[in-house]
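In: Kindly return the folded structure for what I paste below:
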Amino acid sequence: QVTLTCLQLINAERQNETINGRFIRAAVQSYVELGFCEDLSGPYCIGEITSSRLKIYKDYFEVPFLQYTDEFYRCEVAYLLVHDSMSE
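Out: Here you go, the predicted structure:
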């Protein structure tokens, strides 16, 4: 639900709506911090962000965000191709 809300806010911003990006930043930061908490059983280096520590962020935000972004721009390109060809 958090990721979906973030993606909806990002979409609104892409549609030139004004949004409060603090929610997105807080959600992303939470995903990153959850990875740190999950990885406390292993060797802990303060300030070091490893791939395993970013797993929650990647799984719950980055992957859906990249998929959503890909789909958004595919639709934008298709729209522009149709409308540009109509204007010629």
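In: Secondary structure element for the residue nearest to the spatial centre of the chain, which one?
Out: With the centre of the chain defined as its mean C-alpha position, the nearest residue by CA atoms, centre = their mean is F65, 3.6 Å away. Element membership for F65 (DSSP states H and E) is helix 63-87.
In: Next, report how far that helix is displaced from the centre of its chain.
Out: Centroid separation for helix 63-87 versus its chain: 17 Å, with CA atoms, centre = their mean, to the nearest Å.
In: Also stretch 79-88?
Out: That offset, for stretch 79-88, works out to 29 Å (CA atoms, centre = their mean).
In: same check, this time on stretch 24-43
Out: How far stretch 24-43 lies from its chain's middle: 15 Å, per CA atoms, centre = their mean.
In: Residues in contact with it: which ones?
Out: 2-3, 5-6, 9-10, 49-50, 52-57, 60-61 (CB atoms under 8 Å, 6 or more residues apart in numbering). The C-beta positions use only the backbone N, C-alpha and C, and glycine is treated the same way.
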